[in-house]
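Peer 1: Provided below for reference: sequence and predicted model.
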Amino acid sequence: MTILNDLLGNVALLIISTSIWTFGHQHLPKMTPSLKSAIFGSVMAIGTICVMNLRFQFIPGVLLDLRYAFIAIAGLFGGPVAVLFPTVTALVWRTMVGGTGLWVGLPQIAVAAAVGIAGFHIARGRIPNTRSITAFAAAVAASGVGGFFIAVPLDSWVTVMPKVVAPFSALLFAAAFLAAQAIAHEMRRQQTSAENRMYRAVIEALPDCLNAKDTEGRFLVANPATADLMGADDAEALIGRSDFDFYPLATAREFRVPESELMAAGVPTTCEQRFGNADGGVSWLSTLKAPLRDDDGTVVGIITHNREITAQKLMEQELAQTQRRLADAIASMADGFAMFDSGGTQVFCNTHYLELFPKTSDVRSNGTGLRFIIRTAIERGEEVAVVGDIDNVIERTFAALTSKGDRQMRLADGRWINARTRQTEEGGCLIVYSDVTAAKDADAHLRSLNQRLEAMALHDGLTGLLNRRAFDIELDAAVVRARGGGETFSLLMIDVDHFKAFNDTYGHPAGDDCLRAIGNRVRTALRSYFGAQVARYGGEEIAAILPHAREGEANAVASLVVSAVRALGLAHVGSDRAIVTVSIGVAVWHHGVMTSSADVLVAADKGLYSAKAAGRDCVKAIETGMSLARNS
């Protein structure tokens, strides 16, 4: 009896144990990985007991069996938990049997366990491939025959090796290889089955349509979303049917065209498909079609992925319509409009923008930088000539135009342009250019008109001097300055002598001419006095305010005015001097005596009366304290 005949039962037991596990474990309820490894190790332990009872006795006390394959297989696929069961079983059983080979068999059992655990850690949770299993089986074979080289004398190796060691190691290798391949194959099948279930669940839950057709366009497989799109009861109702069973003939033929082109070209393609619904509406699909090939690479069908994009298409159409409306609105704007990105590059403009800048319209195109546009406008004389460093001016202008706010600029041709800038969320800016030349001209005209009206409101229409209202304002201001800063001033009250007689003799037009002449002469006489204010106080009276003037200086100025009017030589037969003359009362502001404009007016008026009483054509200044006392 040979070793192969005696150990064939061992091989059968290994196949039976492996089959029990591969076919039975899938029926076990869900359990933890550790518990599952323990059950797997128990199966291998039972197999170990069985093969150790069907052993081959090489020599008395030296027993051979396939226990090493069971132990290593348990370690490779179950890890430390599983390998513990057959290892302990083999150690205990071999110890109980005893014999001369005990001291060699026990270490070999440990080596087989180590081989299984090493394979488990090398695999790191992956399913071993054929190369890994081959190396594993070789290690198992080595672990089972290593003891021969120790226990058998060297002179017996020539006889023992070919008859026992070689057949036994080959049997160990084959048993471990076949058992590992069987378990690995089952693990791959389970993995593939789990992946298929996962893929199927994903495909069925996919909101997009996914299906496969044969070369004739008949459905081979489809997900529920495809059935919903086609109007079928479920996905099974599509199998064996085509688009011609669900769509009008023209639509089905249109759908068939890209499928025929795909099968001819053999490369994936994408397209958008538009079709009418049964309710009269229109739907859009974004479709990806890819060839379905067999193992030889022959195209045997089509894989189709459809996504309904009807809402997207409607949104795109609405967006396009909105963009057209916006473009039309911008194009019809009375103002120029330009858009620049975050780097200052022009990305959009309307026609009026180009019309506003005719000298640089050729460079104000999309893709041109704003700095270059500014430089060109300066160099071509469209903008006002630059004074100083042109690069510095360009940077300042660029910063102003791209910052939020309004900026007005005057072009070389005299036009005024207002640039209103608003920044975008992306860091760019929108600029609206408006020609405000007419508004600027109107504003300037209005300011001029207002100045003229203001002058008319503050000046006497006959003499051109300040009027009474303006005089009161100036006098109050002089009083405030005098009270607050310790300043002084003088007031001249001028009256034309015998003016009623002049009007009666020469008429009112001549009287007006007389007043204008006197007003001009008084204004001329006081022109050299800085800050002097001359006003027509009323009728034939003229008042003059002399800032900082004290009594002596005021009297001298008043005497100059009397002489200047006398020098006019205006004939006046009603006067004892035969010419037009004036009388002047002088009042000087005194601190602690005067408190208001009324005080200084009263003093000047007293002085005027005194001048008239003294024969007219003269100047009188009444002492302030006495004047106020008499008035009180």
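Peer 2: Received the coordinates, thanks. The model shown is predicted, which means the values in this text are computed figures rather than measured ones.
Peer 1: CA atoms only for stretch 321-332, dumped as CSV, please.
Peer 2: Taking C-alpha atoms only, stretch 321-332 is exported to CSV below (Å, rounded to 0.1, in the frame of the first residue of the first chain):
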residue,chain,number,x,y,z
GLN,A,321,-35.2,85.4,-23.9
THR,A,322,-34.3,87.4,-20.8
GLN,A,323,-30.8,88.0,-22.1
ARG,A,324,-32.2,89.1,-25.5
ARG,A,325,-34.5,91.5,-23.7
LEU,A,326,-31.7,92.8,-21.5
ALA,A,327,-29.4,93.2,-24.6
ASP,A,328,-32.2,95.1,-26.4
ALA,A,329,-32.8,97.3,-23.3
ILE,A,330,-29.1,98.0,-23.0
ALA,A,331,-28.7,98.7,-26.7
SER,A,332,-31.6,101.2,-26.6
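Peer 1: ok now that stretch, how far from the chain's centre?
Peer 2: 24 Å (CA atoms, centre = their mean, to the nearest Å).
Peer 1: for that stretch, buried residues please.
Peer 2: residue 330 (16 or more other CB atoms under 10 Å). Placement of C-beta: from N, CA and C, glycine included.
Peer 1: now swap in stretch 499-506 and tell me
Peer 2: By neighbour count on 16+ other CB under 10 Å, the buried set for stretch 499-506 is 499, 502-503, 506.
Peer 1: then it to PDB, C-alphas only?
Peer 2: Provided in PDB are the C-alpha atoms of stretch 499-506 (Å, rounded to 0.1, in the frame of the first residue of the first chain):
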ATOM      1  CA  PHE A 499     -32.900 167.700  -3.300                       C
ATOM      2  CA  LYS A 500     -36.700 168.300  -3.300                       C
ATOM      3  CA  ALA A 501     -36.100 171.700  -4.800                       C
ATOM      4  CA  PHE A 502     -33.800 170.000  -7.400                       C
ATOM      5  CA  ASN A 503     -36.600 167.700  -8.400                       C
ATOM      6  CA  ASP A 504     -39.100 170.500  -8.500                       C
ATOM      7  CA  THR A 505     -36.900 172.600 -10.700                       C
ATOM      8  CA  TYR A 506     -35.400 170.000 -13.100                       C
END
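Peer 1: just the residues contacting it, thanks.
Peer 2: 496, 510-511, 514, 539-540, 572-575, 580 (CB atoms under 8 Å, 6 or more residues apart in numbering).
Peer 1: ditto for stretch 351-366
Peer 2: Contacts for stretch 351-366 (CB under 8 Å, 6+ apart): 331, 333-338, 346-349, 372-373, 376-377, 380-382, 417, 433, 435.
Peer 1: so which of those residues belong to strands?
Peer 2: Per DSSP state E, strands hold the following members of the contacts of stretch 351-366: 336-338, 346-349, 417, 433, 435.
Peer 1: what is the most widely separated pair among the residues you listed?
Peer 2: Farthest-apart pair in the ones in strands among the contacts of stretch 351-366 is 347 and 435; separation 23.2 Å (CB to CB).
Peer 1: pick out whichever of the two has more residues nearby.
Peer 2: Taking neighbours as other CB atoms under 10 Å, residue 347 and residue 435 compare with residue 435 leading, 18 against 12.
Peer 1: list the contacts of the more buried one.
Peer 2: 356, 415-417.
Peer 1: pLDDT and neighbour count added to the contacts of stretch 499-506, as CSV?
Peer 2: Below are these laid out as CSV (pLDDT from 0 to 100; neighbours: other CB atoms under 10 Å):
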residue, pLDDT, neighbour count
496, 95, 24
510, 93, 14
511, 93, 18
514, 95, 20
539, 90, 11
540, 93, 20
572, 94, 21
573, 92, 11
574, 89, 17
575, 91, 20
580, 95, 24
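Peer 1: which one of the residues you listed is nearest to residue 78?
Peer 2: residue 539 (130.6 Å).
Peer 1: and the longest helix for this structure?
Peer 2: The single longest helix within the chain, with elements called by DSSP state H, is helix 166-205.
Peer 1: quick one: name whatever helix or strand follows that helix.
Peer 2: strand 209-214 (DSSP states H and E).
Peer 1: for that next one, which strands pair with it and how are they oriented?
Peer 2: strand 219-222 (antiparallel), strand 299-308 (antiparallel) (DSSP bridges).
Peer 1: check which residues of the last one are buried.
Peer 2: Going by neighbour count (16+ other CB under 10 Å), the buried part of strand 299-308 is 301-308.
Peer 1: make a markdown table out of those residues and add pLDDT.
Peer 2: What follows is the buried residues of strand 299-308, written out as a markdown table (pLDDT from 0 to 100):
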| residue | pLDDT |
| --- | --- |
| 301 | 90 |
| 302 | 91 |
| 303 | 89 |
| 304 | 89 |
| 305 | 87 |
| 306 | 83 |
| 307 | 82 |
| 308 | 79 |
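Peer 1: make JSON lines out of those and add distance to residue 461.
Peer 2: Formatted as JSON lines, the buried residues of strand 299-308 follow (distance: CB to CB, whole Å):
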{"residue": "301", "distance to residue 461": "105"}
{"residue": "302", "distance to residue 461": "101"}
{"residue": "303", "distance to residue 461": "100"}
{"residue": "304", "distance to residue 461": "96"}
{"residue": "305", "distance to residue 461": "93"}
{"residue": "306", "distance to residue 461": "91"}
{"residue": "307", "distance to residue 461": "87"}
{"residue": "308", "distance to residue 461": "86"}
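Peer 1: residue 114: which of the residues you listed is nearest?
Peer 2: For these, the nearest to residue 114 is residue 303 (48.8 Å; CB to CB).
Peer 1: and the closest one, how close does it get to residue 222?
Peer 2: Separation of residue 303 from residue 222 (CB to CB, to the nearest Å): 11 Å.
Peer 1: overlap in contacts of those two?
Peer 2: 210-212.
Peer 1: element containing residue 233, please.
Peer 2: With DSSP H and E as criterion, residue 233 is part of no helix or strand.
Peer 1: wait, isn't it in contact with residue 239?
Peer 2: No: at 11.9 Å, residue 233 does not count as touching residue 239 under the criterion of CB atoms under 8 Å.
Peer 1: between those two, who's got more neighbours?
Peer 2: Each of residue 233 and residue 239 has its neighbours counted (other CB under 10 Å); residue 239 has more, 13 against 8.
Peer 1: a markdown table for the strands paired with strand 209-214, including distance to residue 615?
Peer 2: Listed next are the strands paired with strand 209-214 as a markdown table, based on distance: least, CB to CB, whole Å:
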| stretch | distance to residue 615 |
| --- | --- |
| strand 219-222 | 130 |
| strand 299-308 | 116 |
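Peer 1: among those, which comes closest to residue 141?
Peer 2: strand 299-308 (44.7 Å).
Peer 1: what subset of the ones in strands among the contacts of stretch 351-366 is buried?
Peer 2: 336-338, 346, 349, 417, 433, 435.
Peer 1: check for me that residue 546 belongs to a strand.
Peer 2: Yes: using DSSP: H, G, I helix; E, B strand; the rest coil, the assignment for residue 546 is a strand.
Peer 1: that one: neighbour count?
Peer 2: 25.
Peer 1: from the chain's centroid, how far away is the longest strand along the chain?
Peer 2: In terms of residue count, the longest strand belonging to the chain (DSSP E) is strand 282-293. Centroid displacement of strand 282-293 relative to its chain, using CA atoms, centre = their mean, is 35 Å.
Peer 1: i'd like the first residue to be 509 from this point on
Peer 2: Got it, first residue is 509 now, which makes that one strand 790-801.
Peer 1: output it as PDB, nothing but the C-alphas.
Peer 2: The C-alpha coordinates for strand 790-801 follow below in PDB (Å, rounded to 0.1, in the frame of the first residue of the first chain):
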ATOM      1  CA  VAL A 790     -42.800  68.600 -25.400                       C
ATOM      2  CA  SER A 791     -40.000  66.800 -23.500                       C
ATOM      3  CA  TRP A 792     -36.200  66.900 -23.800                       C
ATOM      4  CA  LEU A 793     -33.700  64.100 -23.000                       C
ATOM      5  CA  SER A 794     -29.900  64.400 -22.600                       C
ATOM      6  CA  THR A 795     -28.800  60.900 -23.800                       C
ATOM      7  CA  LEU A 796     -25.500  59.000 -23.500                       C
ATOM      8  CA  LYS A 797     -25.200  55.900 -25.600                       C
ATOM      9  CA  ALA A 798     -22.300  53.400 -25.300                       C
ATOM     10  CA  PRO A 799     -21.700  50.100 -27.100                       C
ATOM     11  CA  LEU A 800     -22.400  46.900 -25.300                       C
ATOM     12  CA  ARG A 801     -19.700  44.300 -26.200                       C
END
